[in-house]
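Chemist: sequence and computational prediction follow.
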Amino acid sequence: MASLEQYRAKRDFRKTAEPAGKLSRSGKKAAGIFVIHKHAATRLHYDLRLEHDGVLWSWAVTRGPSLDPHEKRLAVHVEDHPIDYAPFEGTIPKGEYGGGSVIVWDEGKWIPEGDPAKAMKKGHIGFELEGHKLHGRWHLVRLKPRSGEKRDNWLLIKSDDAAARPGEDILKQEPKSVKSGLTIEEVGEGKTAKGAKPKVWHSNKPAAAGKARAGPAKRLEFIEPQLATLEKDAPSGDDWLHEVKFDGYRMQAQIAGSEVRLLTRAGLDWTSKFDGPVTAALAGLKCRDAIIDGEIIVLADSGVSSFALLQA
């Protein structure tokens, strides 16, 4: 059963800005939020947190996550954290438990394969991540404890799928917080996100030359898209149509008056990532309100979609 007793016993909330938190009433839903905190404590590490049963299951990944399926990263299972710890960013005072700077290195949605509680007990949790930096399928595998060892050691492993990137170092490529845009060093120096570039919520470009677009309309609600189910064989018969699988980002485009938004399949706002030709093309459509489900891709010279080119 989820509990925050160990979490609270380790911290003095009169000295640290970390939230005391409480058990969430979210229940044992099939999916939830995930967050990875980059934590410059005595030793720099990355804390992986997965929402389940009203808390955040937590692992300290000593060398951080890797997109290379051949890289197995040690992940030490630690105490559950409260859900409202997810957006925490700042510096834990020196001398306090976990003293050091913390940033939200990545966040988004995690989707477990099967029952997470049973998988936790078994010692093998398979799941999918839909974040800003991390995507695709992952595994957490518990290691057999050595004699006298007290730590609950696991391995964090990336699946060999379309989101895998052997030989690349996502930690060096993407060092900043997805929340504030600051580095761990800048947070340690006391800097804030005041100078960070604000999110772009809409396009001010005209729909067509010489034509003005209507003013802002009521913002549309996110609609969770249907997802494909993996099967060994494709269905046959006249009732089925088939198309090529594009290797890109599934995206929901929302047009409400003059506002254009691009949301990931988990509901994260990625408008600023594709502001320009994509948002301009959507703003040019002859409609006032629309929700469009699609995929953003980049075609290689061969005409096949390339996820590597899209990331670049």
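Modeler: Received it, and whenever you're ready, just let me know what you need.

Chemist: how about the secondary structure of residue 97?
Modeler: Look at residue 97: counting by DSSP: H, G, I helix; E, B strand; the rest coil, its state is coil.

Chemist: so what's it closest to, chain neighbours aside?
Modeler: residue 10 (4.4 Å; CB to CB, 6 or more residues apart in numbering). For glycine as for every other residue, the C-beta is placed from the backbone atoms N, C-alpha and C.

Chemist: is it true that that neighbour touches residue 81?
Modeler: No. Distance between residue 10 and residue 81: 10.7 Å, which falls outside the contact criterion (CB atoms under 8 Å).

Chemist: those two - which one has more neighbours?
Modeler: residue 81 (24 against 14; other CB atoms under 10 Å).

Chemist: contact partners for that one?
Modeler: 4, 7, 21, 49, 55, 56, 58 (CB atoms under 8 Å, 6 or more residues apart in numbering).

Chemist: of all those residues, the one with the weakest confidence?
Modeler: Lowest pLDDT of those: residue 21, 81.

Chemist: measure it to residue 94 for me?
Modeler: Computed as CB to CB, to the nearest Å, the residue 21 to residue 94 distance reads 22 Å.

Chemist: quick one, which of the two is more surrounded?
Modeler: A count of neighbours by other CB under 10 Å puts residue 21 above the other of residue 21 and residue 94, at 19 against 7.

Chemist: so what's that one closest to, chain neighbours aside?
Modeler: Closest to residue 21 by CB to CB, 6+ apart is residue 82, at 2.2 Å.

Chemist: so where do the strands sit in the stretch 1-150 of the chain?
Modeler: Assigned strands in the stretch 1-150 of the chain, in chain order: 32-40, 44-52, 55-61, 72-82, 90-92, 100-112, 124-131, 135-142 (criterion: DSSP state E, counting those that start in this stretch).

Chemist: pLDDT value on residue 96, please?
Modeler: Residue 96 is given a pLDDT of 91.

Chemist: what number of residues lie near it?
Modeler: 15.

Chemist: OK, contacts around it?
Modeler: Residue 96 touches 11, 12, 15, 16, counting by CB under 8 Å, 6+ apart.

Chemist: kindly report the same for residue 84.
Modeler: Taking CB under 8 Å, 6+ apart, one finds 19, 21 in contact with residue 84.

Chemist: any idea how far stretch 6-26 is from the chain center?
Modeler: Centroid displacement of stretch 6-26 relative to its chain, using CA atoms, centre = their mean, to the nearest Å, is 23 Å.

Chemist: with stretch 265-272 instead?
Modeler: The mean C-alpha position of stretch 265-272 is separated from the chain mean by 10 Å, CA atoms, centre = their mean.

Chemist: and if you look at stretch 72-92?
Modeler: 14 Å.

Chemist: can you tell me the centre-most residue of this structure?
Modeler: Computing the C-alpha centroid of the chain and ranking residues by CA atoms, centre = their mean puts residue 131 first, at 2.1 Å.

Chemist: wait, that residue sits on residue 107?
Modeler: Yes. Counting by CB under 8 Å, residue 131 touches residue 107, with 6.1 Å between them.

Chemist: which neighbours do those two have in common?
Modeler: Residues touching both residue 131 and residue 107 by CB under 8 Å, 6+ apart: 34, 36, 178.

Chemist: buried ones among the contacts of residue 96?
Modeler: Applying 16 or more other CB atoms under 10 Å to the contacts of residue 96, the neighbour count classes 11, 16 as buried.

Chemist: kindly reformat the contacts of residue 96 as a markdown table containing pLDDT and distance to residue 64.
Modeler: Formatted as a markdown table, the contacts of residue 96 follow (pLDDT from 0 to 100; distance: CB to CB, whole Å):
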| residue | pLDDT | distance to residue 64 |
| --- | --- | --- |
| 11 | 92 | 24 |
| 12 | 88 | 28 |
| 15 | 90 | 28 |
| 16 | 90 | 23 |
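
Chemist: specify which member of the contacts of residue 96 is nearest to residue 116.
Modeler: Comparing the contacts of residue 96 against residue 116 with CB to CB picks out residue 11 as the nearest, at 25.6 Å.

Chemist: who touches that closest one in this structure?
Modeler: Here residue 11 is in contact with 18, 20, 96, 97 (CB under 8 Å, 6+ apart).
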